[in-house]
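>>> sequence first, predicted model second:
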Amino acid sequence: MKRLLLALALTSLLGGCGLWGEMTTAQKITAIQEKAVALCNYLPQATSVAAMLAATNPTVVSVGAVANAICTAIIAWKGNQGTAAFAAECPKVNGVCVTGVFVKPKEK
């Protein structure tokens with residue numbers, strides 16, 4: 001689990017450094033969704049991603065950073081679902097509940 005979280009953190013540092021300032025909100029949401037699927041096979045809902053973006057400082061985020069935060073929250077939540085504290089909680093990024101679905105990895 002720790003190795004997976006470290007790998008996700010490193011991936012976010014290396015990826016998602018595109019032209020963030022030149023992207024529309026819809027393009028940012030789509031890019032974040034695609035990156036999250038690539039990182040952890042989780043497709044966050046567009047409304048969830050939009051709420052996260054609204055709660056974030058836009059000058060310090062990137063596609064990779066937001067996708068990494070989503071995957072980290074989902075993985076931690078899934079790993080702790082059996083505990084009473086996590087059973088009733090949703091995974092959160094910047095105080096926003098992450099909603100979405102796990103998807104099958106793409107065939108290569």
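Happy to help now that I have it.
>>> measure the residue nearest in space to the middle of the chain to Glu22 for me?
In the chain, the centroid-proximal residue (CA atoms, centre = their mean) is Ile70; its distance is 2.3 Å. Between Ile70 and Glu22 the distance is 22 Å, computed by CB to CB, to the nearest Å. Any C-beta I mention is one placed from the backbone N, CA and C, and that applies to glycine too.
>>> go on, Val96?
Taking CB to CB as the measure, Val96 falls 24 Å from Glu22.
>>> so the two - more neighbours on which side?
When neighbours are counted by other CB atoms under 10 Å, Val96 comes out ahead of the other of Val96 and Glu22, with 21 against 7.
>>> so what sits opposite that one in the bridge?
Val93 (DSSP bridges).
>>> repeat that for the one 5 residues further on.
Using DSSP bridges, the beta-bridge partners of Val101 come out as Leu43.
>>> shouldn't it be in contact with Tyr42?
Yes - contact status for Val101 versus Tyr42: in contact at 7.4 Å, counting by CB atoms under 8 Å.
>>> so which of these two has more stuff around it?
Neighbours were counted for Val101 and for Tyr42 using other CB under 10 Å; Tyr42 has more, 21 against 9.
>>> help me confirm that the more buried one comes into contact with Ile70.
Yes - judged on CB under 8 Å, Tyr42 makes contact with Ile70 at a distance of 6.8 Å.
>>> need the residues touching each of those two.
Common neighbours of Tyr42 and Ile70 are listed as Ala36 (criterion: CB atoms under 8 Å, 6 or more residues apart in numbering).
>>> sorry, back to before: is the residue nearest to the centre of the chain in a helix, a strand, or coil?
Under DSSP: H, G, I helix; E, B strand; the rest coil, Ile70 falls in the helix class.
>>> find the nearest non-adjacent residue to it, please.
The shortest distance from Ile70 to any non-neighbouring residue, by CB to CB, 6 or more residues apart in numbering, is to Ala36 (4.9 Å).
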